[in-house]
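# predicted model and sequence follow; I will ask about them next.
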Amino acid sequence: MNIQCDSIRILTFNILYDYGDDFPYSWQSRRELVFSLLRFHAPDVFCLQEPLKNQVDDLANKFPDYDIYSVGCKDDEHEGQHMSIFYLKRKFDMLSFGRFGLSEKPDEMGYIGWDAKNPRIAVWVKLFHKDTKQSLYIASTHLDHIGEMARQQGALLLINEMRKIANDMPVLICGDFNANTDSQTYKNMIDGGFVDCSASPGIIKSDLPYTYHKFLLDKGNDEIEKFKDDNRVMKVIDHIFYKGDVKVLRHGTLSDNYMGVYPSDHFPKVCDILLNADLNQ
């Protein structure tokens, strides 16, 4: 049950963009909850979806032990929702990094692909783990919430791009896929050779039947029942996938809240992994 000293804890979290001044959506009303969650669960790497530049800056100031690679979806710099990867400086060196658009023009940031509503991107880093002297790739992404074709094609593009970038090295793709486990998008990831960390054999797990709760948990069963046929609301749409020589030790969905107030409309996911481990151990 103890956490192995050479394991790596990875967390993915759609923290919801700074949504004006209204509770519970505003960043002002949620940020201390986000800070508290990250401090307590102490990930070695955390991948974020949706933060705006001011949210990334707040997190950078709050967590100075982490280095960051973060890109805005609209202009390849600061504009729009960011895809972000934070990693502990004392545990990792970043060897390389990059980004690509999830569209027919992956080299063109800000381009809206297929039937998507918004421009979508993925960011990735290659990290050298100082304790084990091993390297891995980690990507953070957010597929479109409207376009079914954009989600399916985005997943295929993720698979192909990360295969070209990482070759046979260990890869983890973290993010909000806006796709549940029965979707074609999810199936594309599995058929592409990736494994859902939550489905890895022999792990310790503490999961929930949904990650996107849409701030409905205090609204009562009648309100939640309205979304029973929705493909995203009250479903597991946030995932951590891996490929390569990785052993997943544990996986969980985190429902941290303060007296019913939640840090986001999504629950984060967390997993502990070992690199280049004997998978039969």
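Ah, there it is. Residues are numbered from 1 along each chain as shown.
# tell me how far Leu275 lies from Phe92.
12 Å (C-beta to C-beta, to the nearest Å). The way it works is simple: take the backbone N, C-alpha and C, and place the C-beta from them, glycine included.
# quick check, pLDDT for the nearest residue to Leu16 once chain neighbours are set aside.
Distances taken as C-beta to C-beta, 6 or more residues apart in numbering put Ser264 closest to Leu16, at 4.5 Å, once the chain neighbours are dropped. The score at Ser264 is 97. That number is its pLDDT.
# and if you look at Phe267?
For Phe267, the model assigns a pLDDT of 98.
# tally of neighbours for it?
Residues near Phe267, counting by other C-beta atoms under 10 Å, number 24.
# is it true that it touches Ile237?
No. Counting by C-beta atoms under 8 Å, Phe267 does not reach Ile237; the two are 10.3 Å apart.
# common neighbours of the two, please.
Thr211, Tyr212 (C-beta atoms under 8 Å, 6 or more residues apart in numbering).
# so which helix or strand takes in the most centrally placed residue in the chain?
The residue lying closest to the centre of the chain (C-alpha atoms, centre = their mean) is Gly175, at 2.7 Å. Taking DSSP states H and E as the definition, one finds Gly175 inside strand 171-176.
# try Gln28
Element membership of Gln28, judged by DSSP H and E, is helix 27-41.
# with just CA atoms, put the next helix or strand after that helix into CSV.
Once helix 27-41 ends, the next helix or strand along the chain (criterion: DSSP H and E) is strand 45-49. Provided in CSV are the C-alpha atoms of strand 45-49 (Å, rounded to 0.1, in the frame of the first residue of the first chain):
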residue,chain,number,x,y,z
VAL,A,45,3.6,16.4,-12.9
PHE,A,46,0.2,18.0,-13.4
CYS,A,47,-1.5,18.7,-16.7
LEU,A,48,-4.1,21.4,-16.9
GLN,A,49,-6.8,22.1,-19.4
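# run through who's touching strand 45-49.
8-15, 38, 56, 59, 66, 70, 81-88, 92, 127, 138-142, 174-176.
# tell me where the stretch 101-250 of the chain has helices.
For the stretch 101-250 of the chain, the helices defined by DSSP state H, counting those that start in this stretch occupy 148-166, 184-191, 221-225.
# one step back: ok, the residue nearest to Leu16 to Phe86 distance?
Ser264 sits 16 Å away from Phe86, taking C-beta to C-beta as the criterion.
# what does the lowest-mean-pLDDT helix or strand in the chain contact?
Every helix and strand in the chain was compared by mean pLDDT, DSSP states H and E; the lowest is helix 221-225, with a mean of 92. Residues outside helix 221-225 that contact it (C-beta under 8 Å, 6+ apart) are Leu216, Leu217, Met234.
# chain center to that helix, what's the gap?
Chain-centre distance of helix 221-225: 27 Å, with C-alpha atoms, centre = their mean, to the nearest Å.
# quick one: buried residues of it?
Buried residues in helix 221-225, defined by neighbour count with 16 or more other C-beta atoms under 10 Å: Ile224.
# the closest residue to Leu249 other than its chain neighbours and Asp93, how far apart?
Distance criterion C-beta to C-beta, 6+ apart; nearest residue to Leu249, sequence neighbours excluded, is Asp272 at 4.4 Å. According to C-beta to C-beta, Asp272 stands 21 Å off from Asp93.
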